[in-house]
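*Asks:* Could you work out the structure for the sequence below:
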Amino acid sequence: MEKTPPIVFASCSRYHCYMSNQQAQQAQINPSIQRRRKDKDAAPEIATLELHAWGDLGDTLANFEDGVVNVFGGILGERVRARIIRYRRRRRHHVSAIVVEVIDASPHRIDPPCAYFGACTGCQWQHIDYDYQLELKRQRVENALGEYPELRGIIVSETLPSPQMFGYRNHARFTIRESGMLGYINRLTRRFVKVDDCALMHPGINEALRALQGKAAETTQLSVRYGVNTGDWLIQPTMHNPEIPLPTGQTHYWEQMHDRRLRIASPSFAQVNTPQAERLATIVGERLQLDGTETLVDAYAGVGTFAVLLADSARRVIAIEESSAAVNDAAVNIEGIANLEFVCSRTEDYLDSLDDPPDAVIIDPPRVGCHPATLDALIRRKPKRTVYVSCDPGSLARDLAYLVAGGFAVVSVEPMDMFPQTYHTECIATLVPAVTLPAGGRLGDTLL
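*Replies:* As a prediction, the model looks like this:
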C-alpha cells in the first residue's frame, strides 16, 4: 500500500468564553475576533467518512475533499460521522476531524471508561480494546522496520503488556486557566478542558490534582511528579497560595526501582510508568547476557537507572550523559557503587574515546534517535552485545538500518507498552556483530 503522507496537526486560535473588559471592547471593533465568535457559534460541519488507514499520531485516516484527513476516535475499517475542524496556521489551511457517531463499528471498539475522552485528546486509544492496542503497537514497529530493505524480514515480537492499563503515569503537566483551574488543551480544537481526575495518572498524581484544583491561578503551567514506590512528590513551580495543602517547589523527588533509591531532579528524565520501567531494566539486563566480566557502557544514561541496576552484573560500568542536572542526580544515585563511573559528555563525543573497549552497550537516546557519530562509534567498536531502547519506531528503524549496514545483526525486536491508551510505543532491540554470508548473500543475511 502506498504510504500516505502524515497530516500535520497545528495550533489554531480559538475564542475563549473568559474575556476581560478590554477584550470585550476589542471584540466589538476587531473583525477577526467577531469572526472567531461567529465560527464558534456556527453549526458544526459533519461528514461521513470511511477510515482506511492509521496515521502517525494514532488517529485514523480518511479521504476528504481533495486530500486525506486525520480522524480522532476512529478505528481502521469503520464508517463514521465526524465533526470537521478547519483552522489556519502559518498561512496554511489545515483540516482534522473527531468522530461523533459510529455507523459501522469495529469489533475492537469498546466504551471509553473516561468521561473526558474526546474532549481531552491526551489518550488516543481508550475506545480500542487492550489486546488490539498491543497488536497495533507491534504493527507500528513492524511497519517502521519495513521501510528499510536492510530490516525486512525481521520478526517483531508481541508487545509486552503493561502491568496497569490505567493509573500508571507518575508525571503530569497541567495547563492553568481562569480561577486556577487545572486541565488539558485539546490538540485539535485548542480548547481547555478542566479535569478533576485523570484515568492515566497514578492515584498520587490525582490526589495532588484535587488538592491544587481551583487554587493555582498564580501560574499558567504546573508539573506534578510522584514517586510510586516512595510516596514522594515534586510539584513545580513554587506556589504561594496558603490554601494549597501540599508542599511545592521541590528541586527533586525520590523513586525506588528494585532495591535502589534514585534521586530525580525537575529537569531530569524518568520513565512515566514505574512498574514497566522496572521490567524494562530487567529485560535489558537479560538481553545483554552479562556474566560479571564485561565492561558495560550505558549511553544517554540519564540519572543512571540502567547503570545502577546492572552494576552488580558487570566488572566495570561507564555511564555517559550530557545533562548536568541528570549527572548531578547520578552522583547521588551511584554512591557506594565502586565499579560505576559517570561521565558528563555527549555520547557521540565520548563513546569512541574509551580506553577500555566495551563488551556491552546500552543505547537509550531521546525520541529523535542517535547522533550519527554515536552510530559510527558503535560500528568501529563492535561490542559483543548492544541493546537499543527506543520510544520512537521511526528513529529506531533508521538507526538499526544504519547499524546493520555497518556490520551488525538484529537478534530481536521487542515492543513493550510503556504508555497504555496511547499510540506511543517503547521498544527493545538487541544487536550483535554480524558474520556476513559468502558472496551471493543479501545485506542483512547473517549467521549469529
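
*Asks:* how does the protein divide up, domain by domain?
*Replies:* 21-109, 135-164+273-447, 171-265 (automatic domain parsing).

*Asks:* and Y116, which of these is closest to it?
*Replies:* Among these, the nearest to Y116 by C-beta to C-beta is domain 171-265 (5.9 Å). Backbone N, C-alpha and C define where each C-beta goes, glycine included.

*Asks:* longest strand of this structure?
*Replies:* As assigned by DSSP state E, the longest strand anywhere in the chain is strand 92-104.

*Asks:* Alpha carbons only: can I get that one in PDB?
*Replies:* Provided in PDB are the C-alpha atoms of strand 92-104 (Å, rounded to 0.1, in the frame of the first residue of the first chain):
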ATOM      1  CA  ARG A  92      -1.800  27.400   5.600                       C
ATOM      2  CA  HIS A  93      -5.200  25.800   6.000                       C
ATOM      3  CA  HIS A  94      -5.500  22.600   8.000                       C
ATOM      4  CA  VAL A  95      -8.400  20.100   8.400                       C
ATOM      5  CA  SER A  96      -8.900  17.500  11.100                       C
ATOM      6  CA  ALA A  97     -11.900  15.500  12.300                       C
ATOM      7  CA  ILE A  98     -13.300  14.000  15.500                       C
ATOM      8  CA  VAL A  99     -15.800  11.000  15.500                       C
ATOM      9  CA  VAL A 100     -19.200  11.900  16.700                       C
ATOM     10  CA  GLU A 101     -21.100   8.800  15.600                       C
ATOM     11  CA  VAL A 102     -20.100   5.300  14.600                       C
ATOM     12  CA  ILE A 103     -22.100   3.900  11.700                       C
ATOM     13  CA  ASP A 104     -20.200   0.600  11.200                       C
END
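
*Asks:* Next, please give the residue ranges for the helices of the stretch 251-400 of the chain.
*Replies:* 274-288, 305-310, 324-333, 347-350, 372-381, 393-405 (DSSP state H, counting those that start in this stretch).

*Asks:* residues of stretch 192-206 that come out buried?
*Replies:* 192-195, 198-202, 204-206 (16 or more other C-beta atoms under 10 Å).

*Asks:* Repeat that for stretch 306-323.
*Replies:* 306-311, 313-314, 316-323.

*Asks:* Could you check how far the closest residue in space to G167 that isn't next to it in sequence is from V432?
*Replies:* In space, and not counting its chain neighbours, G167 is closest to H202: 5.7 Å by C-beta to C-beta, 6 or more residues apart in numbering. For H202, the distance to V432 equals 37 Å [C-beta to C-beta, to the nearest Å].

*Asks:* that older thread, please identify which of the domains of the chain is closest to T121.
*Replies:* domain 171-265 (4.8 Å).

*Asks:* what bits of the protein have low per-residue confidence?
*Replies:* 1-42, 89, 436-448 (pLDDT under 70).

*Asks:* follow-up on the earlier one: can you redo the helices of the stretch 251-400 of the chain as TSV with distance to W233?
*Replies:* Listed next are the helices of the stretch 251-400 of the chain as TSV, based on distance: least, C-beta to C-beta, whole Å:
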stretch	distance to W233
helix 274-288	14
helix 305-310	20
helix 324-333	16
helix 347-350	31
helix 372-381	35
helix 393-405	32
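
*Asks:* Any idea how far stretch 167-183 is from the middle of the chain?
*Replies:* The chain centroid and the centroid of stretch 167-183 are separated by 18 Å under C-alpha atoms, centre = their mean, to the nearest Å.

*Asks:* What of stretch 211-221?
*Replies:* On C-alpha atoms, centre = their mean, the centre of stretch 211-221 falls 26 Å from the chain's centre.

*Asks:* Just the CA trace of that stretch, in CSV.
*Replies:* Extracted C-alpha coordinates of stretch 211-221, given in CSV (Å, rounded to 0.1, in the frame of the first residue of the first chain):
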residue,chain,number,x,y,z
ALA,A,211,-5.6,19.5,46.2
LEU,A,212,-4.5,22.0,43.6
GLN,A,213,-7.7,22.3,41.6
GLY,A,214,-9.0,25.9,41.6
LYS,A,215,-6.1,27.2,43.7
ALA,A,216,-3.3,27.6,41.1
ALA,A,217,-4.2,30.9,39.4
GLU,A,218,-0.7,32.3,40.1
THR,A,219,0.8,30.2,37.2
THR,A,220,-0.2,29.1,33.7
GLN,A,221,1.6,25.7,33.7
